[in-house]
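1. Based on what follows, work out the 3D shape:
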Amino acid sequence: MAEQVWKKGALHTHTYWSDGRGFPEQMVKAYRDLGFDFACFTDHNVYSEDPLLWQQVFAEEGDWPCVISQERYDDYKNNFPDSIEAKTYSFKTYVRVKPFAEVAESMSEKGRFVLIGGAEFTGAIKDQLGFAHVMHAIYLNVKKTFPYLSGGDAAQTLALNYEQYRRVAENQQESSLFMLCHPFWRFMDVEPSALIDANQGVKLFEVCNSVSDFHAPANVYSLEKFWDIVNAFRLDGGKSSILYATAADDAHFYDAERTNTTFSSCGHAWVMVNNPGEFNTESIIEAMNRGDFYPTTGVELERINFDRTNGTLGVKVKAESGVKYRISFITTKRGFDKTTTEIEIPEDGKRPRRLLKGYSDEIGRIVMETNGLEAEYTMACDDLYIRAEVVSDVPSFKTGPGFPAFNKTWTQPFKR
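-> Residues are numbered from 1 along each chain as shown. Alright, predicted model coming up:
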């Protein structure tokens with residue numbers, strides 16, 4: 001059995017390069033202090049490379065998108081006195097916000113802590129009913145700012161943005177990745193159909209995002225079912241591309257007071273990447289692109305094993321004292337009911353009208369469930385894939401829609 005060495009990573013962060021409440025160094029320090037092994041720069045619509053980004057310091061941060069507050073500036077001066085570059089004009093203070101390359105050079109540690117550059121495509125589109133949708137996606141390790149391209153719907157918009165990323169990524173030597181973000185934000189904006197027939201090259205999406213406090217109505221699929229729908233239709237339709245799931249903070253806040261109390265702070269949703277060999281940007285991205293990682297909101301695993309010969313998936317939990325765990329195995333059977341229904345979500349003043357598809361209960365069914373630290377399931381001949389979820393009895397840091405009520409982890413789907 002090959003050794004598994006898990007590295008803890010933050011995939012989705014924002015700083016003063018876009019709408020985060022912190023300098024890049026403050027973001028990095030927050031994650032390093034929490035014991036993370038890597039963090040990614042993913043500010044909105046900009047790869048942070050301009051060495052001359054100067055911003056003014058104000059007394060208060062104000063409304064979104066925020067400005068640099070005196071409080072965060074003072075914290076920056078206290079923690080990074082040798083890094084800060086500031087100047088005063090006409091009684092106004094300006095500070096230089098460092099680009100990714102400079103921060104990576106000063107704060108990465110070879111083999112111990114890795115920083116990865118990237119950005120988040122951010123924009124809006126309108127559907128045929130005239131209602132606004134958003135489609136956000138992250139790319140990592142492509143050193144370029146891309147424009148956000150809008151199509152006629154979410155599927156076309158995803159395809160346009162993925163294609164411009166792909167053309168550049170395929171012509172560089174370094175590995176890169178592309179990830180669909182929070183498909184339910186703002187309200188059910190990206191449907192499973194956007195990833196089934198089109199966009200087969202998209203292999204990663206956020207099954208959990210600690211900012212997206214939005215949820216499906218009771219009669220519509222959950223994010224986990226979204227995931228099962230895409231994989232069931234892809235695999236039963238003869239496609240081989242599995243959709244892998246990630247989890248992310250979508251962090252905007254990095255001060256200690258907000259870390260455990262505020263949505264969009266850090267340390268609440270992350271990925272654990274299997275990286276037993278040399279640890280660097282390339283090894284992280286290659287592992288993620290092949291699905292050798294798992295997303296979590298607090299439950300961690302000692303190992304995940306899949307025997308492709310007999311189709312057996314086994315998981316073992318990294319136990320915490322006094323915590324109880326429930327392990328579930330989920331699959332969809334070949335030949336499942338592919339018929340869909342139409343579900344109308346009326347406009348109610350808080351959310352727009354949506355016309356969505358309803359999917360069969362045959363998709364994403366639990367086939368085995370047990371309490372304990374370790375379990376395994378062997379695929380039946382008609383199982384399209386198998387994945388596992390582990391839920392603890394420790395309540396999540398936040399309650400409400402769009403986030404697991406208890407600490408949880410997911411394995412990726414496996415197929416024979």
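2. which stretches of the stretch 301-416 of the chain form strands?
-> Assigned by DSSP state E, counting those that start in this stretch, the stretch 301-416 of the chain shows strands spanning 301-307, 312-317, 325-331, 341-345, 354-358, 365-371, 374-378, 387-395, 406-410.
3. Ok, the stretch 101-250 of the chain next?
-> Taking DSSP E, counting those that start in this stretch as the test, the strands found in the stretch 101-250 of the chain are 114-116, 118-121, 124-126, 132-134, 137-140, 177-180, 204-209, 244-248.
4. what sits up against the second one?
-> Pointing back at strand 118-121 there. Contacts to strand 118-121, defined as Cβ atoms under 8 Å, 6 or more residues apart in numbering, come from residues 12, 14, 40-48, 135-142, 145-146, 148, 161, 181. Backbone N, C-alpha and C define where each C-beta goes, glycine included.
5. filter these to the buried ones?
-> The neighbour-count test (16 or more other Cβ atoms under 10 Å) applied to the contacts of strand 118-121 identifies 12, 14, 40-44, 46-48, 135-142, 146, 148, 161, 181 as buried.
6. quick one: which of the residues you listed sit in helices?
-> Within the buried ones among the contacts of strand 118-121, residues falling in helices by DSSP state H are N161.
7. what's around W64, how many residues?
-> 8 (other Cβ atoms under 10 Å).
8. How about it, nearest residue that isn't a chain neighbour?
-> What sits nearest to W64 in space, not counting adjacent residues and going by Cβ to Cβ, 6 or more residues apart in numbering, is D19, at 6.2 Å.
9. next one: D383
-> Take D383 and drop its neighbours on the chain: the residue closest to it by Cβ to Cβ, 6+ apart is T331, 4.5 Å away.
10. Now do that neighbour against T370, distance only.
-> According to Cβ to Cβ, to the nearest Å, T331 and T370 sit 15 Å apart.
11. hang on, isn't T13 packed against S264?
-> No - with contact defined as Cβ atoms under 8 Å, T13 does not count as touching S264 (10.0 Å).
12. Between these two, which contacts overlap?
-> Listed as contacting both T13 and S264 by Cβ under 8 Å, 6+ apart are 249-251.
13. Could you tell me which of those count as buried?
-> Buried residues within the shared contacts of T13 and S264, defined by neighbour count using 16+ other Cβ under 10 Å: 249-251.
14. so how far is R387 from G237?
-> For G237 relative to R387 (Cβ to Cβ), the value is 18 Å.
15. out of the two, which sits in the busier spot?
-> Shown here are G237 and R387; by other Cβ under 10 Å, R387 has more neighbours (25 against 10).
16. which non-adjacent residue is nearest that one?
-> Counting by Cβ to Cβ, 6+ apart, the residue nearest R387 is P413, at 4.3 Å.
17. who are the neighbours in contact with L52?
-> L52 is in contact with R96, counting by Cβ under 8 Å, 6+ apart.
18. so it sits in a strand?
-> No - secondary structure of L52 (DSSP: H, G, I helix; E, B strand; the rest coil): coil, not part of a strand.
19. Can you give me the pLDDT of it?
-> pLDDT for L52: 97.
20. before we move on, what about A132?
-> 74.
21. same deal with A169?
-> Predicted confidence (pLDDT) at A169: the value is 97.
22. How about A256?
-> pLDDT, A256: 68.
23. now swap in V211 and tell me
-> As predicted, V211 sits at a pLDDT of 78.
24. Which pLDDT does the model give the nearest residue to it once chain neighbours are set aside?
-> Spatial nearest neighbour of V211, chain neighbours left out: D250 (3.9 Å); criterion: Cβ to Cβ, 6+ apart. Per-residue pLDDT puts D250 at 94.
25. what's the answer for K398, then?
-> pLDDT for K398: 67.
26. can you check G237 too?
-> 81.
27. Wait, R334 touches A380, no?
-> No - between R334 and A380 there is no contact under Cβ under 8 Å: 9.6 Å.
28. Could you list the low-pLDDT ranges of the stretch 251-400 of the chain?
-> 256-263, 398-400 (pLDDT under 70).
29. again, only this time at 90
-> Scanning the stretch 251-400 of the chain for pLDDT under 90 picks out the ranges 255-265, 345-355, 396-400.
30. any idea how far T312 lies from Y76?
-> Counting by Cβ to Cβ - T312 and Y76 are separated by 51 Å.
31. should've said L160
-> Separation of L160 from Y76 (Cβ to Cβ): 38 Å.
32. out of these two, which sits in the busier spot?
-> Neighbours per residue (other Cβ under 10 Å) separate L160 from Y76, with Y76 holding more: 23 against 17.
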